[in-house]
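Asks: Below is the structure, and that's it, no one-letter string:
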């Protein structure tokens, strides 16, 4: 009797998850609980399929391309915002950077090294690494996207559990641009860094 009941439960769960999974977005799988439509996934895990590109919406309504999703670890990586050409301003600068809704099941993981660019001197009073050996200096010197930021103050920090897990902020009077690398390794060439912002999510209730 126990075997029959267990089989029924496993089959039922599998059926529900399969039934709720959304269709592919272009060639990208959209695993449960992510939702691209009202009739699939879970509403709190909303993402957008925009012409075959899967995107993650911030609390402010800015859309970041989803680079990868790992359902087994409940983590996804989104693309950092572009730094606008010939400027040192992130494309989400007008929204003061990335902000996640505090009530959402998503937060920014502790595997992200954030590089803040074109910063005011007030950041020199912070515990961030603003030295000449900061990772951000390598980004500015070796990546075309960062070259417009050369000659300005930049800093980097590892996002950790003592910081807000729902925001990467840029603003006038602070820093105007940023990029981010997941699981950075100091000896790796800059062009091989894993550029992205890793988010993690809580399972549905």
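Replies: Now that the structure is in, tell me what you want to look at. Note that the structure is predicted; figures quoted are calculated from it, not measured.
Asks: okay but residue 130 is in contact with residue 121, surely?
Replies: No: counting by CB atoms under 8 Å, residue 130 sits too far from residue 121 to count as a contact (9.4 Å). Just so you know, the C-beta spots here come from the backbone N, C-alpha and C atoms, and that holds for glycine as well.
Asks: in this structure, which spans are strands?
Replies: In the chain, the strands defined using DSSP state E lie at 48-50, 53-57, 63-70, 75-78, 97-99, 106-108, 112-119, 153-158, 167-169, 175-182, 197-201.
Asks: out of these, which comes closest to residue 37?
Replies: Of all the strands of the chain, it is strand 48-50 that lies closest to residue 37, at 8.4 Å by CB to CB.
Asks: show me what contacts residue 69?
Replies: Residue 69 makes contacts with 29, 31, 34, 75, 76, as judged by CB atoms under 8 Å, 6 or more residues apart in numbering.
Asks: State the distance from it to residue 120.
Replies: 36 Å (CB to CB, to the nearest Å).
Asks: Residue 127 too?
Replies: For residue 127 relative to residue 120 (CB to CB), the value is 16 Å.
Asks: Looking at those two, which is more packed in?
Replies: Neighbour count, other CB atoms under 10 Å: between residue 127 and residue 120, residue 120 has more, with 14 against 8.
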